[in-house]
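In: A structural model of the following input is requested.
(chains A, B, C and D)
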Amino acid sequence: MRYRLILLLAVLALACRDHHGGGRTPDIEVWFHTGQPGEQRTIEAQVARFNAGQDEITVHLTLLPEGSYNAQVQAAAAAGALPDLLELDGPFLYRYVWQGALRPLDDLLPATTLAGLLPSLRTQGTCGGHLYGVGSFDSGLGLWGDRATLAAVGARLPVTSGAAWSAEEMEGILDRLAAADPDGAVLDLKLNYAGEWFTYAFSPLLQSAGADLIDRTTGRAGGTLDSPAAVAALTRLQGWIRRGRVDPNLDDAAFTGRRVALSWVGHWEYPRYHAALGDDLVLLPLPDFGHGSRTGEGSWQWAIPAASRSPEGAAAFLAFLLRPEEVGAMAAANGGVPATGAAIARSPLYRPGGPLRLFVAQLTGGVAVPRPRTPAYPVITAAFQRCFDDLRNGGDVHAALARAAAAIDRDLADNRGYPPTRGRR
Amino acid sequence: MRGGGGDRLHRHAAAAMAAPALAGLALFVALPFVAAVVLSFTDQRLGSPLASRFVGWEQYRRLLADPLFRRAIANNLSFAAVVVPVQTGAALGLALLLNRRLAGRAIFRALFFLPVVFPMALVAVVWVVIYAPGPSGPMNALLAAATGGAWSPRDFLHDPAWAMPALILLSIWQGVGFQMVVLLAGLQAIPAELYEAAVVDGASPWGRFLHVTLPGLRSPLIFVAVVTAILAFRLFDQVRIMTRGGPNGATTTVIFEAVAAAFDRQEVARGAAITVIFFLLVVAITAAQRRLLRPRGVAR
Amino acid sequence: MARVELNGVAKRFADGSWGVRDLSLTVEAGELLVVVGPSGSGKSTLLRLLAGLEGVSGGEIRFDGEVVNDRSPQGRNVAMVFQNYALYPHMSVRANLAFPLRMRRLARREIATKVKQVAATLGLTELLERKPAQLSGGQRQRVAMGRALVRDPGLFLMDEPLSNLDARLRAEIRTEIAAVVRRTGITTIYVTHDQVEAVTLGDRVAVVRAGILQQVGPPEALYRRPANTFVAAFLGTPGMNLFRTVVRRGEEGVTLDLGGRRLPLAPEAVAAYPDLDRRLGEPLIAGLRPEAFVAADTVSAASRIEARLTAVEHLGHETLLYLDAGVETVDPETGGGAPTRRPLAARLPGLVRAPAGDTLSLGVTTEKLALFCPDGGALRG
Amino acid sequence: MAWVAACGLALVYVAPVAMMVAGSLKPDARVLAEAGSWRAISLAGASLANYRDAFIRVDLGRSLLNSLVITTSVVILGLGVNSLAGYAFARMTWRGRGWLFAAVTALMVLPFEAIAVPLFYGVSLLGWRDSYSVQILPFVANAFSIYLFYTFFLGLPRELEEAARVDGAGPWRTFVEVVAPNARPCFATVAILTFLTQWGSYLWPLMVTGGPRVRPLPVAIAAFYTLPPRAWGDILAFGVVMAAPVVLLFLLFQRAFVRGVATTGVKG
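Out: Okay, here's the model as predicted:
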């Protein structure tokens, strides 16, 4: 009897060994999203390098699944259980700032580190005049093409955003490609992805058509997201899917397996695509739907929670990550645009003449549009994702957009227009 | 009453024995449920710096006005409307099949029951492969073979017309073994003399099924139907993993909406209101079961 | 070896029914008391109260002068044999026997020795490793006894321990139990509904009915001078014949009315009831054991009755005759009740050849007559 | 006839499982490509490389350990806590027993889904997320298990306990030494039902676990399945490892499984 009790207690004790298991030196807990295998390996290597390079701070890395990363972080923020340093997906930052969950970085990072930062990253990380987030890379979004196949149908291969295909030109190319393709599916939109991808990838289409997710001054979606321009742009996109031009890409091998000639995706596929296609890989700007080619920007960025037990330690690790060689390492791993000019200059991919130089041009040339910088962003993107899901499956585009706009505006009202707060903490 | 010649030791022991479970139930079941009701009348969000407000019936009003939520309820209802009779019928068929003296009966029973022990998350992932679009998808290939090539392959999980039937088929495949086992136990509880008496009375096999088997299985059948109905309303894992409620809300469910609200969007109050509605649905089903299981009166 | 006293013990259940009412009784140390009564009479409740399995609602129970009302079963040092033995099915015979000792935290070695001893005494040595399911009824009974005896209890309670055995085994084990109890000298309270068991086993027998103690005493005393019509009818098979009567004194002496006939009353009977004179002419209840009837030719003509035979049972060494003697019988439960005319039972030695329906002449001996008031209580002796 | 039908159905039941096992042994690209033909179950070119990948890419070992820790803890603690409560309700006298038991049976109709949201809210506010205990403690006390134990104990002969009490055992010892050993079938039933529910539990761990540290298998496989690049061979290998313990237990204790599930149906 007594032994059984002890056994039970032991199990219970084992079961209850929760957070902060050991009792080691002042540690920095860091959260990172489970991204591409290369990113994962790189951050692990960086942590190891950092830990080995000094002995005052030990960094512990936790990988959280991307699919529910934001929900996890939100719950942890409510619980006051955020780590000392974490990654946030681009525009989600403003919600956390509004909640008072983050602390500014201005006074924590050396000015030299910040000076070289890409303007797009600086904008993305700034809120209310303070810098809250810093990315070690920015993103690039474009159309990857299979040069040989495209050439076979006589497609023009533009190298600048200004020369991007018009919507009609692109449709013509799709038709010609389809005619030569066994199953008629010639375009990859990464429909196998989930979540934020759809907002990131397809809101530039709205902007290119003269619409947007929300009115950037009033914050309201009604009249903008469901405007005729938006409906027209997304109806066109839906048409591609409806006509079978888009590969569902369940195995994520549509482009690498050369089933399709065009893949609408970001910089992170470069390593894989390059490995599969070699010199046949070509990077094109997204099509111009009337108001010039537009593309996405922003990516995962680092932030320090207000409740961090060691903001200086976290900042030290962050500064380490922003060193040119570390920025270069991460950018090399995921193909991202390096965060600083210095790193760009050293990057074989992004320096002038590099194969991905287009991305830099997009970010610095006003082609890339940041996603709405508002605490309402999680709701905006959720509404748009649902809307995209609807239209991708053949739903009525106008109805779906109107629903999304109404949801966004209702949330705005519910939160009393997201008044500036000092946060709760 | 009984027990305990006034010994306090005994009473204390009783209280101590019941206490951990009662505390657990109070803390982790009763209290949250009360909290759900309370939360559903507020606009509480997780992590919002704004103070929460009492909003009365607003959450419920919005839910009932939300086409997506209405779709979720309709989906649950149609899922139940198909799964309850089909799965119960299939289970009855399997049970009757296995109630015979069949070579390898134990193996068949084990096979049909096996998916019941599989985690639904695993079944869902495996069936994503089965429903793979294109001619090489197993389901597409099977249907093509069955129709002599007339079948044109589709993307079941992204087809508004096919996503729900796809989930239904998988759910039946996974769950029918449970009902089968319950009904098999019910069949074996019917006394053999009843069948012998029926044979003596000249009943045909169909007559025996109608007048001996079915009445004898009344309780297990009702139980099985009710459990299946409740499971139909708890539908979540498959949806979250395979379709995320899509396409066009074709597979969204009450619980999927609750999780999407409370967890994905931090709209705790809305999620709470959904679970309260869910609870009322479950209570309605349980009440129906109680009524059905009441001893039969004059009316049949 | 406890001396057990019950003072006004009462047990009322939650549903308002009484288990035991105002029961006072003393059991001397080392005595074997048999509690007998029909099923539902509260005799098992009495045992459970003594064991501490139930709490009393009133009165007190004393062991050796100490009130034990609030003591738990484990604090009372009682042992109990249950009707269906209640052997622990998951334990071997050895473990069953050792269990009460383990609960008392005896040393391992001591337990082994005691178990061995008890097993030897009860002939269980061969069975020690078996599980209860592998034992016969008699063997299980013995294990149950052994489990009770192994720890030298102060009081030994047995709840119908033989009721699950067949008739032959029952007689055999009955003697065994009696021997064991006498040898160990443990105070024993034995509950049964079988009056044969009661009278053959008990030093004293207590008869209970509906939770109320009817009479306690040595078996012979109960048989001869039952305290009331209930006890009279309950003991003996068949029980005492009870019928309405009037005792008169006339020129032929004191007579007893039996279905209109006046039988002379034996002087022993008259002497046994000094109060009888004051009851002359009043309605009374007469009790005659079946043995009171004898062959007609062994008594004087005045003591003979004519009766129609309603049924005959031949038992080999004796014959039971059921007679319609035209008497008004009474319900032993109440002593009164509506007038009924049940036949009287008569027990005659040897084989009596007479078919039912015949009219027979029989003698009636009244030396052992019992007389009761119309309320069922015995006439003061 | 019936036998042929049974075989046909058996095929329907075996095929997905066979496909999973065969797929787990093939290179990723071949899984989908061959899924539509008989080659889906061919073992040509089988290798365990996918298993190695699954262990490396998503730390399958960690998830397996987590699932084991959580499930066994819930099963063991649940057996103790619920059997004691069932016993107290079935056999002991104490104040409030009647209405408390009514309350427990009332809670039986409450599926976990009905309380998941406020519970999630509560544990989030308390900072109790992402731990073993938050996945264990809420599931220890279970109204249905209590009810199963309760009905079982009602059917046990009362004399056994009375004999034990007279033999000198207190209520706890009586329970541990006499009642529990005679309630093995009921313990087995409850253990199996608890095990199955916990092993497959997805909704709650999805909401309360973050990284792989305490994440159990169902959440891990769902996360793995969305993790680019989607390597079907690895995913199926993960699935095989995830199914193996339950299938093994099922094959070992088939009778108890079937009986356990069936009794809930008969009694429920």
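In: so D:A223 sits in a strand?
Out: No - under DSSP: H, G, I helix; E, B strand; the rest coil, D:A223 falls outside any strand and is assigned helix.
In: is chain D contacted by stretch B:127-144?
Out: Yes - for stretch B:127-144, a contact with chain D is found by C-beta under 8 Å from any C-beta of the partner chain, at B:W127, B:V128, B:V129, B:I130, B:A132, B:P135, B:S136, B:G137, B:P138, B:N140, B:A141. Where C-beta positions appear, they are placed from N, C-alpha and C, glycine not excepted.
In: return only those of those found close to chain A.
Out: B:V128, B:A132.
In: quick one: secondary structure of B:A106?
Out: Of the three states, B:A106 takes helix under three-state DSSP.
In: which ones are touching the closest residue in space to A:R416 that isn't next to it in sequence?
Out: Closest residue in space to A:R416, ignoring its immediate chain neighbours: B:L50 at 6.5 Å, by C-beta to C-beta, 6 or more residues apart in numbering or on different chains. B:L50 sits next to A:N415, A:R416, A:P419, A:T421 when contact means C-beta atoms under 8 Å, 6 or more residues apart in numbering or on different chains.
In: what's the PyMOL line that selects buried ones from the residues you listed?
Out: Buried residues among these (16 or more other C-beta atoms under 10 Å in any protein chain shown), as a PyMOL selection:
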select buried, chain A and resi 415
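In: quick check, nearest of the contacts of B:L50 to chain B?
Out: Checking the contacts of B:L50 against chain B with C-beta to the nearest C-beta, the nearest one is A:T421 at 4.4 Å.
In: separation between the closest one and chain C?
Out: A:T421 is 62 Å from chain C, where distance means C-beta to the nearest C-beta, to the nearest Å.
In: hmm, that residue is touching A:W98, no?
Out: Yes - using C-beta atoms under 8 Å as the test, A:T421 is close enough to A:W98 to be in contact (6.2 Å).
In: mind listing the shared neighbours of these two?
Out: B:P49.
In: tell me the SS of the closest residue to C:G260 other than its chain neighbours?
Out: Excluding the flanking residues, the one nearest C:G260 by C-beta to C-beta, 6+ apart is C:G326, at 6.3 Å. Three-state assignment for C:G326 (three-state DSSP): coil.
In: between the contacts of B:L50, which is nearest B:R62?
Out: If you rank these by distance to B:R62 using C-beta to C-beta, A:N415 comes first, at 14.9 Å.
In: residue contacts, that closest one?
Out: Counting by C-beta under 8 Å, 6+ apart, A:N415 touches A:P375, A:A376, B:S48, B:L50.
In: point out where the stretch 101-250 of chain B drops to low pLDDT.
Out: Low-confidence segments of the stretch 101-250 of chain B (pLDDT under 70): none present.
In: all strands of the stretch 151-300 of chain A, in order?
Out: Along the stretch 151-300 of chain A, the stretches classed as strands by DSSP state E, counting those that start in this stretch are A:187-188, A:246-247, A:262-266, A:281-284, A:295-296, A:300-305.
In: to chain D, which of these lies closest?
Out: Across those, closest to chain D is strand A:262-266 (C-beta to the nearest C-beta), at 10.3 Å.
In: and the stretch 201-350 of chain A, which of its residues are near chain B?
Out: With C-beta under 8 Å from any C-beta as the criterion, the stretch 201-350 of chain A meets chain B at residues A:P248, A:L250.
In: give me the pLDDT value at the residue of the stretch 201-350 of chain A found nearest chain C.
Out: Closest to chain C within the stretch 201-350 of chain A is A:R309: 52.9 Å, counting by C-beta to the nearest C-beta. Predicted confidence (pLDDT) for A:R309: 88.
In: secondary structure class for it?
Out: Here A:R309 is recorded as coil under three-state DSSP.
In: now the nearest residue to it once chain neighbours are set aside: how far from chain C?
Out: With C-beta to C-beta, 6+ apart as the criterion, A:R309 has its nearest non-adjacent residue at 6.1 Å, and that residue is A:D84. From A:D84 across to chain C, the span is 56 Å (C-beta to the nearest C-beta).
In: quick one, what contacts the residue nearest to the spatial centre of chain A?
Out: Nearest to the geometric centre of chain A sits A:S299, at 3.9 Å (C-alpha atoms, centre = their mean). Counting by C-beta under 8 Å, 6+ apart, A:S299 touches A:D89, A:G90, A:G135, A:F137, A:D138, A:S139, A:G336.
In: among those, show me the least confident.
Out: A:G90 (82).
In: next one: that residue from A:W300, what distance?
Out: For A:G90, the distance to A:W300 equals 7 Å [C-beta to C-beta, to the nearest Å].
In: circling back to that earlier point, and the strands of the stretch 151-300 of chain A as TSV, adding mean pLDDT, distance to C:S57 and mean neighbour count?
Out: Shown next, in TSV, are the strands of the stretch 151-300 of chain A (pLDDT from 0 to 100; distance: least, C-beta to C-beta, whole Å; neighbours: other C-beta atoms under 10 Å in any protein chain shown):
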stretch	mean pLDDT	distance to C:S57	mean neighbour count
strand A:187-188	96	85	24
strand A:246-247	92	84	26
strand A:262-266	95	83	23
strand A:281-284	95	94	21
strand A:295-296	92	83	26
strand A:300-305	93	67	26
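In: reformat those into CSV and put distance to chain D next to each item.
Out: As requested, those are exported to CSV (distance: least, C-beta to the nearest C-beta, whole Å):
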stretch, distance to chain D
strand A:187-188, 13
strand A:246-247, 13
strand A:262-266, 10
strand A:281-284, 17
strand A:295-296, 17
strand A:300-305, 13
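In: phi and psi next, for residue 253.
Out: With no chain named, the answer covers chain A. Dihedral pair for A:A253: phi -130, psi 20, per degrees, to the nearest 10.
In: I was after chain C.
Out: When read as degrees, to the nearest 10, the backbone of C:G253 gives phi 100, psi -160.
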